[in-house]
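> Below are the sequence and a predicted model; questions follow.
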Amino acid sequence: MKRSVVKAACVFVFLAALVFSNLPSSMASQIREIRISDSKGDWGFPNPYRHYPRGPGYVRMSWVFDTLIWKDQNGYIPALAESWSFDADRLAFTFHLNPKARWHDGRPLRPEDVVFTLDYFKKHPYRWITVDHVSRSEAIGPHTVIIYLSRPYSPFLSDIGGTMPILPQHIWGSVEDPERYNDPKAFIGSGPYLFRDFNKAKGTYLYEAFTDYYQGRPKVDRLIYLRSGKPLISLSTGQVDLANIKPEMAEQLKGKGMVVIKDERGWNKKLMINHRKFPFNDKRFRQALAYAVNRQEIIDKSQRGFARPASFGLLSIDHEMYNPETPTYSYDPAKARTLIEALGYRSGPDGRLTKDGQPLKVELLSSNITVAGESVADRDGEVIKKQLESIGIQVDLVNMEQATTDSKVKSWSFDLAVSGHGGVSGDARILNEMISSQYGAGSVNSARYDANPELNRLLEAQMLEMDQEKRKAIVFKIQEVYAEDLPAISLYYPDSMAAYNPGKGIVWFYTKGGISKGIPISQNKMSLIR
Amino acid sequence: MRSRIHHELGRDPWFVTGAVVGLFLLLLVLLGPCLAPHEPYDMSFIPLSQPSAGHWLGVNDGGMDIFSELLYGMRNTVEFGLAAGLVSLVFGVAIGLVAAWFGGVLDHVTMRLADILLAIPAVMILILIAALFRPSPLALALTLSIMLWPTTAKGIRAQALVVKNRLHIHAAGQMGASGAYLIVRHLLPELFPLYLIGFATKARMAMFMEASLAFLGLFNPSRKSLGIMISYALKYYYLDIWWNWLLPPVFLLSLLIMTVTFLAISLEKVFDPRLKEAM
Amino acid sequence: MRRGRYIKPLPAFVLAGLIMVYASYRLPRLLPGDFVSAMYASSPVTLTADQEAQIRAYYTRGEGFSRYLLNLFTLKWGYSYTFLAPISALILEALPWSLLLMGGAHVISMLFGFIAGVEAAWRRGGYVERAGVGCMTVLEGIPEIGTGVILLLVFALYLGWFPASGADTAYAMFSPLGRVWDAAQHLALPLATLVLAYFPGNFLLTRGSMVMVLREQFVETARAKGLPPVRVRYAHAARNALLPMVTRFGLRIAFMVTGALVVETIYAYPGLGTLLFNAISMRDVPLIQGIVLISSLMVLFVNLALEYVYGWIDPRVGYAQ
């Protein structure tokens, strides 16, 4: 009898321990942890020199390292800098730093750190931004820093202000080889979260709240990233609180109580054209291609309807400097034919276009691409091939690995290539990067088109115009000229969505213009800051 | 004796089911290309469409008709299974008979070899070769056969040893029959049941391997196979594709393996009197 | 005699082991010249020129076979460029999970399959028994890939009772008991899949051989002696029915490994199977080689252990040798 009572008691204690060890924290407004998943998992160590050079890599670093200013749903907000001003005559930006800002090791953040960061990035460039046009910077008093530009640079606020992470001088001052610097001190930042752990093989990250954060203690104690290939299941079973989803999952998740958010159009699919060879070097041929391609059909067939046709002016329709008067090309195969025939091609009896006995034959390259960090198969090539063939162009569709396609495009050994990139809702500087050789030499998505002197002039001008309104006018003109010349054809913006569990009390959002330079991801740290 | 066997087989539910379904599947395999309403590589249809009159099982993510894919995939799986089964059978029988008949050093050597091959995990080598060299499916089937013949050989050898010592063999030998004659005319036919059983078991294993290897991505990605269909379908788990894309290859694969299993079981039952008692 | 029994199977296995190691050493070196770039060109991983040179050097320098063998024993299994980690670390991290899954599945399916088989044979002829045999025969025909997919969809997606991937919840602050529960939840579905795949075979085999054993003289004797039926079944008769199941396990183990690989991939269970799958899709040759070799050697050991187990179970086998 006694024995069974003792046994029962033990079982009870056992069960009680199990139950109580898993109860949520008793502090009502403090959330214990948030879990975020993506399909890749591994984006490198979260510090400026070791994160992978893609959006998700930057975001994981941004929890640990703060910038001078930041963005929330509506626009720029103070971060390390409480206020800032621009002196057009002296080409100087003044930032007044928040006196409460401090590093994770307790030391206060001083203007000398900003000065140091700018100098350090000159010696050891940070891949994401350039500090070339900064001539010098000065620390004035305990909380002010002035940055002088050598020449006007319109994306300054977006780059140096909103993207550049500030490094602690007392740690990096002695580091000669930043990319191999492996010490735990390499992760001392001024951001809301402390970096605790990263497991490369599992693709997991662990961050803990920095309780002395200058904007107040973060709402969530622990932030965890994991890797999951099945976001629908992970969200439904509560394994994960925020994840990118495919548009088809939206209805099901809404039904389970999740909140689904949709991004502005920040990523576009493009048809790259080798405008250095005939017949692609003739603007009329490129326009004919634009008329020949039925973008809605591509959207229906390869994106199952979850995308929207793009503006031909490269800049996103959601961009604040989008020009609604940008020339547009509706689907008009007859017009396409007429334009091509104007170049000397004739339609044969089989419908194929020929010139001097040579059929019009083009090679179209296609590959797997990454959209906001997820890898998708590219079927656009198939559809475009059919569309071009229906007006008489013979198309050789070649599927290659992305790396091979990229190198062929870079070396101009291609005719047409399907490609894509983001940033089209970020700073208008993206126009320069994606149009001109000078700015876009390194990017595989850049059209590298320098044949139009007026376009070149405009592109130069927009980089030097510090007045936003005047810059907008220039950017409007750029879109017009670009859509007229069409060095590359923007096809569509795939729908990009994420879903989160509202039960945790956090509201996630897509930042207008993208996080920092234009990253279309919904993990803005402001969601976790009061 | 023959008719008794036929009679028994005919009464065994496993055999009947296996034979009927098997015949049906065989028909599908042989007539596959004719039955397929579309070219399986034709990617022009709207991806992920639901089943319709034109596409009985709908369209997959690449724009290909699923029903046609299914037929071609099944063909490839069965082809692989039959090839591996047949070749391993030929090896196994040949080596087993020779070892049993000639005995001595030959027997010893071949059985040692068989032991070593049995000890090596065949599958691993197959995976390694498939991953590194990406050989053609036929080459892989042959490699698999090399791993499979030892069990057959051992079985054949054991039985051949028994038969070898039977009276009628001795008698024929006395009458002047040569070794080759005895092997071909007597041993070979008398061991027939073992061939069927051995073939069935090996073919079954080979088909399972083919589906698994395809699922793991060890074949050319554009080669149609039930395994790779399942793998692709699983990626779209969040869509309504369970019934039309995911389950058909699973079902068909199970059906294939089940059929061969049933046939093997009933053959074993009928031809091995000891086992029959147990059933 | 005793000692001889332990030594006898060794040569074949050692030889097999050496062949395996040699194969994994030689095969990659047989690949066409510039296989490194070809391999990694179609892989999502981009190698720096430095890393490429390192891999190429690793494969082309005339590393002797004995050196290779030595490295094997000292856990210097090479370096993976997809994961940027030493291969030994990756394998040793994934191994326990695989052992848990496969070991658990085999133990459970053998134990329950055996008991169920014995009981079924004892109660031969009843309707339930015949239906059971029928069901199990059908179930045996469904491959792991099929049951895995179905269980995933029904229990993880549709019902949401179990997690769909992983072996545990990362960075969870669980008590040790909570940890065990968490691991168990993640293990449930893959384990169930494998058990469903292995159970029918064990059940049918045990039942079949048990039926034959029950016919034997010594069983009658035991019954006649008035021994309790359970004792008759297990202590006397079942032992003889054990051998075929163990034999079958040894023969089929290699195929079971493929099945487990597939199941791990379906559930993204971080064992050797998923690691191998990732290595294959990333075309990470050193990693593929490492995993294949280590798992083959493990299978070899298991087979060797089985040889001894046979001898213990059935003394006749021991004497026959």
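In hand now; what should we look at? Numbering: from 1, shown residues only, chains lettered A, B, ... in the order given.
> list the buried ones in stretch A:469-484?
A:Arg471, A:Lys472, A:Ile474, A:Val475, A:Phe476, A:Lys477, A:Ile478, A:Gln479, A:Glu480, A:Val481, A:Tyr482, A:Ala483 (16 or more other CB atoms under 10 Å in any protein chain shown). Quick note: C-beta positions are derived from backbone N, CA and C, even for glycine.
> I'd guessed the fifth one sits against A:Pro324; true?
This means A:Phe476. No: contact criterion CB atoms under 8 Å: A:Phe476 and A:Pro324 do not qualify, at 9.2 Å.
> if we can go back for a sec, okay if I get the buried residues of stretch A:469-484 as CSV plus secondary structure, pLDDT and distance to chain B?
As requested, the buried residues of stretch A:469-484 are exported to CSV (DSSP: H, G, I helix; E, B strand; the rest coil; pLDDT from 0 to 100; distance: CB to the nearest CB, whole Å):
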residue, secondary structure, pLDDT, distance to chain B
A:Arg471, helix, 95, 42
A:Lys472, helix, 95, 40
A:Ile474, helix, 95, 42
A:Val475, helix, 95, 37
A:Phe476, helix, 96, 38
A:Lys477, helix, 95, 40
A:Ile478, helix, 95, 36
A:Gln479, helix, 95, 33
A:Glu480, helix, 95, 35
A:Val481, helix, 95, 37
A:Tyr482, helix, 96, 32
A:Ala483, helix, 95, 30
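> can you name the two of those that are farthest apart?
A:Arg471 and A:Ala483 (18.7 Å; CB to CB).
> Could you count how many residues lie near the residue of the stretch 151-279 of chain B found nearest chain C?
Shortest the stretch 151-279 of chain B-to-chain C distance, computed as CB to the nearest CB: residue-wise this is B:Met258, at 2.8 Å. When neighbours are counted by other CB atoms under 10 Å in any protein chain shown, B:Met258 registers 22.
> If you drop the residues flanking it in sequence, what lies closest to it?
Distances taken as CB to CB, 6 or more residues apart in numbering or on different chains put C:Gly141 closest to B:Met258, at 2.8 Å, once the chain neighbours are dropped.
> Am I right that the one you found is in contact with B:Ala264?
No: contact criterion CB under 8 Å: C:Gly141 and B:Ala264 do not qualify, at 10.4 Å.
> tell me the SS of A:Tyr291?
For A:Tyr291, the reduced secondary structure class is helix; criterion used: DSSP: H, G, I helix; E, B strand; the rest coil.
> ok, now which ones touch it?
A:Tyr329, A:Ser330, A:Tyr331, A:Asp332, A:Pro333, A:Lys335, A:Ala336, A:Leu339 (CB atoms under 8 Å, 6 or more residues apart in numbering or on different chains).
> same question, C:Leu157
Taking CB under 8 Å, 6+ apart, one finds A:Lys230, A:Leu232, A:Ile233, A:Ser236, B:Tyr237, C:Ala164 in contact with C:Leu157.
> can you map out the strands along chain C?
C:79-80, C:85-86 (DSSP state E).
> Contacts (any at all) between chain A and the first one?
No: figure legend: strand C:79-80 not in contact with chain A (CB under 8 Å from any CB of the partner chain); closest approach 9.0 Å.
> Could you do the last one as well?
Yes: contact between strand C:85-86 and chain A is present through C:Ala85 (criterion: CB under 8 Å from any CB).
> where does chain B have low pLDDT?
B:1-2, B:122, B:272-279 (pLDDT under 70).
> what about 50?
B:275-279 (pLDDT under 50).
> now do the stretch 201-321 of chain C
In the stretch 201-321 of chain C, residues with pLDDT under 50: C:318-321.
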